[in-house]
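**Student:** Need a 3D model of the sequence below.
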Amino acid sequence: GTKGSIEGPYYREGSPELEWNGTIPMRDDEPGNPLVFSGQVRAVDGTPLSGAKIELWHADDLGFYSQFAPGLPEWNLRGTWIANEDGRFEIHTLRPAPYQIPTDGACGQLIAAAGGHPWRPAHLHL
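**Tutor:** As a prediction, the model looks like this:
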């Protein structure tokens, strides 16, 4: 097992619950390429964890997160999947796009001081 950590950037509690192989809520015309993200949740001893909750969220094709950007549906690209009796899940979503974080303010100063760049690679939050 691993030690718990913070909930993660742009996390929101209460996303819609879906079956173990459900499709993430999204707009009818959501741009992007299909992505299937699957796996199995197991205890430290390897026992499958039936009914485990997997929360997933990610940015849209422009790098925006629902509930943090205007004009996006409340639960766009956010969901909670319930693992099946074997601890398996299969999430149908879209491949996220890389995006640039804001460079104004303290975050921009930190990036500049570290000699970094403001681009985040495409990623999923779990």
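
**Student:** And stretch 101-110, how far out from the chain middle?
**Tutor:** Taking CA atoms, centre = their mean, to the nearest Å, the mean C-alpha location of stretch 101-110 is offset from the chain mean by 23 Å.

**Student:** What segments of the protein are helices?
**Tutor:** Remark: helices of the chain, listed N- to C-terminal, are 105-114; assignment by DSSP state H.

**Student:** Could you point out which residue ranges in this structure have low pLDDT?
**Tutor:** Confidence mapping of the chain against pLDDT under 70 gives the ranges 1-7.

**Student:** Strands along that one, start to end?
**Tutor:** 17-18, 34-40, 53-57, 78-82, 88-94, 99-100, 119-120 (DSSP state E).

**Student:** Can you check which of those strands gets nearest to Asp28?
**Tutor:** Evaluated over the strands of the chain, closeness to Asp28 peaks at strand 88-94, with 12.6 Å, by CB to CB. No exception for glycine: its C-beta is placed from N, CA and C like everyone else's.

**Student:** just checking, what packs against the closest one?
**Tutor:** Contacting strand 88-94 under the criterion 3 or more CB pairs under 8 Å, 6 or more residues apart in numbering; DSSP states H and E are the following elements: strand 34-40, strand 53-57, strand 78-82.

**Student:** Name the nearest residue to the most centrally placed residue in the chain, sequence neighbours excluded.
**Tutor:** Ranked by distance to the mean C-alpha position of the chain (CA atoms, centre = their mean), the top residue is Trp57 at 2.5 Å. Taking CB to CB, 6 or more residues apart in numbering, and ignoring the residues beside it in sequence, Trp57 has Arg78 as its nearest neighbour in space, at 4.2 Å.
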